[in-house]
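Engineer: test case, fold it:
(one chain, ligands or ions: 1)
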Amino acid sequence: MWNEADFRRIREQIGRLEPEMIEMQRRLVALPAISPVSGGEGEKAKVEYLAGVLRSWGLEVTEYRAPDGRASGGYRPSLTARVKGQKPRPVLWLMTHIDVVPSGPKDLWQSDPFQARVEDGRIYGRGTEDNQQEMVASCFAVKALLDLGLVPQTDVVLMLVADEENGSDYGVGWLLENHDLCRPDDFVVVPDAGNEAGTLLEVAEKSIAWVKFTTIGRQAHGSTPHHGNNAHRAGANLLLRLDQRLHEKYNAEDKLFSPPVSTMEPTKKEENVPNINTIPAEDVFYFDCRMLPQYQLTGLMEDMKRIAAEVAAEFKVEVKVEPVQMAQAAPPTSPDAPVVRMLAGAVRDVYGGEPFTRGIGGGTVAALFRRRGIPAVVWGRNEGQAHKPNEFSVIANMVGNAAVYAHLMGQGPA
Ligand SMILES: [Zn+2]
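Structural biologist: Predicted coordinates:
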């Protein structure tokens, strides 16, 4: 554990490194790592620059190349950079992503999105906050320790990954599938989301079920409904029955989440007939369900099909129930997991405030670790600038977050 004097020296050193951090941001902004899916070349040039810097600091750098014929060089590179600790395990992984999203319409920007502009304590440019703020902060947390000759409690590995913005199939998803990197007793921090105070620690997510319901009846003239069978009426009944019955059954509460319940919402409605005087033969609507992780989506689908079968029999229609997206939530990281307690402690040391754990509505990259039984926590003190025009990073956040990571590296599992 660092003592008070170490903490002071670390913070002073990080303060001295601020100009170098800003310089790294400048270089990174000018190397846009945009996915081929979004019309870019991939991460090769940016990774070459980063690997060069990290090697020049004396870190053990390894590059991993996921084959992708569409990208520059024919691959999507990710990096690990290891710092030896007093003990090798558990490894503390700090994962940030190299890729950025496109700028969007240039006329919404007040300056070139790929040329950093430093003004009023902020760095403007695409990628400055998402995710370069945390990438630079975690790299310079390590640099500060190296400069001071401080050795982390356990091995620390910076993991800089490709393809986060488009599903991670060529990034951390591919890495975990093809290389034996993280173990269940390791600690993973993903600094890629959070709040302005830096108090939010995200540890869990809900399952996602998007379901399409199609009701098929028989078409007729609006004045002679008895010659047809109104699919819209049957569909409307089905919608209300689903809404009531599912909410009655899936009613558990978990205060880790906001809202603390499963949400089951009828959302999209497809057009049935273009004119008012036709009895519709087909009716289509969708539900977007975000379920607490304790519920199995297979059970939810069975219940939906059972209710649909009832309506089909009652209204003499055919009803199809089809999944559009089904993502069973990864098991949550316990709010009491050592990595969560360690990070909360580091946040308290640097920023004060009372950190709290939260689950979100689904879809974070941390789930890739949690599914493998590796505890992972998502954090960041940021301004929520991701993907916006005129994206910026607050320099004080970049520097402060570097101090949080350096504090974290001084804590071992209790
Ligand atoms: Zn991001």
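Engineer: show me what counts as buried in the longest helix along the chain.
Structural biologist: Assignment by DSSP state H gives helix 4-29 as the longest helix of the chain. Judged by neighbour count (16 or more other Cβ atoms under 10 Å), helix 4-29 contains these buried residues: 6-7, 9-11, 13-14, 17, 21-22, 24-26, 28-29. For glycine as for every other residue, the C-beta is placed from the backbone atoms N, C-alpha and C.
Engineer: keep only those that also lie close to the ion.
Structural biologist: Applying Cβ under 5 Å from the ion to the buried residues of helix 4-29, one finds that nothing falls near the ion.
Engineer: between those residues, which sits nearest the ion?
Structural biologist: Nearest to the ion among the buried residues of helix 4-29: residue 28, at 13.6 Å, using Cβ to the ion.
Engineer: returning to that earlier point: tell me the helix or strand right after the longest helix of the chain.
Structural biologist: helix 44-56 (DSSP states H and E).
Engineer: next, the angle from that following helix to helix 4-29.
Structural biologist: 150 degrees (axes from the mean of the first three to the mean of the last three Cα atoms, to 10 degrees).
Engineer: the next helix or strand along the chain from helix 44-56 - contacts with which helices or strands?
Structural biologist: Once the chain leaves helix 44-56, the next helix or strand it forms, by DSSP H and E, is strand 60-67. In this structure, strand 60-67 packs against helix 44-56, strand 75-83, helix 172-178, with contacts taken as 3 or more Cβ pairs under 8 Å, 6 or more residues apart in numbering; DSSP states H and E.
Engineer: switch to 7 Å and redo it
Structural biologist: With contacts defined as 3 or more Cβ pairs under 7 Å, 6 or more residues apart in numbering; DSSP states H and E, strand 60-67 has these neighbours: helix 44-56, strand 75-83.
Engineer: so in that sheet, which strands flank it, and in what orientation?
Structural biologist: When pairs are called by DSSP bridges, strand 60-67 turns out to pair with strand 75-83 (antiparallel).
Engineer: what packs against the helix or strand that contains residue 300?
Structural biologist: Using DSSP H and E, residue 300 falls within helix 297-315. Counting contacts by 3+ Cβ pairs under 7 Å, 6+ apart, helix 297-315 is packed against strand 207-216, helix 231-249, strand 282-291, strand 318-327.
Engineer: spatially nearest residue to residue 73 (excluding sequence neighbours)?
Structural biologist: Of all residues not flanking residue 73 in the chain, residue 44 sits nearest, at 4.5 Å (Cβ to Cβ, 6 or more residues apart in numbering).
Engineer: OK, contacts around that neighbour?
Structural biologist: Listed by Cβ atoms under 7 Å, 6 or more residues apart in numbering, the contact set of residue 44 reads 71-73, 77.
Engineer: could I get the average pLDDT for stretch 2-13?
Structural biologist: The average pLDDT for stretch 2-13 rounds to 94.
Engineer: do stretch 100-109 and the ion meet?
Structural biologist: No: Stretch 100-109 lies out of reach of the ion by Cβ under 5 Å from the ion, never closer than 8.4 Å.
Engineer: picking up where we left off before, most tightly surrounded among the helices and strands packed on strand 60-67?
Structural biologist: With neighbours defined as mean count of other Cβ atoms under 10 Å, the helices and strands packed on strand 60-67 peak in mean count at strand 75-83, which reaches a mean of 23.
Engineer: got the contact list for that strand?
Structural biologist: With Cβ under 7 Å, 6+ apart, strand 75-83 has contacts from 42-44, 47, 50-51, 54, 59-68, 142, 152, 155-163, 170-171, 175.
Engineer: ok, then the element right after it?
Structural biologist: Taking DSSP H and E, what comes next after strand 75-83 is strand 87-97.
Engineer: sheet-wise, list the partners of the very next helix or strand once past that next one with their directions.
Structural biologist: Sequence-wise, the next helix or strand downstream of strand 87-97 (DSSP H and E) is strand 117-119. Here strand 117-119 is paired, per DSSP bridges, with strand 122-124 (antiparallel).
Engineer: can you name the element that comes right after the strand it pairs with?
Structural biologist: Remark: after strand 122-124, the chain's next helix or strand is helix 134-148, criterion DSSP H and E.
Engineer: list the contacts of residue 339.
Structural biologist: Going by Cβ under 7 Å, 6+ apart, residue 339 touches 187-189, 375, 377.
Engineer: list the buried residues of stretch 314-322.
Structural biologist: Neighbour-count burial for stretch 314-322 flags 315, 317, 319, 321 (criterion: 16+ other Cβ under 10 Å).
Engineer: state the pLDDT value of the second one.
Structural biologist: Looking back up the chat, that one is residue 317. For residue 317, the model assigns a pLDDT of 98.
Engineer: quick one: it from residue 217, how far?
Structural biologist: Residue 317 is 5 Å from residue 217, where distance means Cβ to Cβ, to the nearest Å.
Engineer: mutual contacts of these two, please.
Structural biologist: Common neighbours of residue 317 and residue 217 (Cβ under 7 Å, 6+ apart) are 229, 231, 234.
Engineer: who wins on neighbours among these?
Structural biologist: residue 231 (26 neighbours; other Cβ atoms under 10 Å).
Engineer: now it. Nearest residue, chain neighbours left out?
Structural biologist: residue 217 (3.6 Å).
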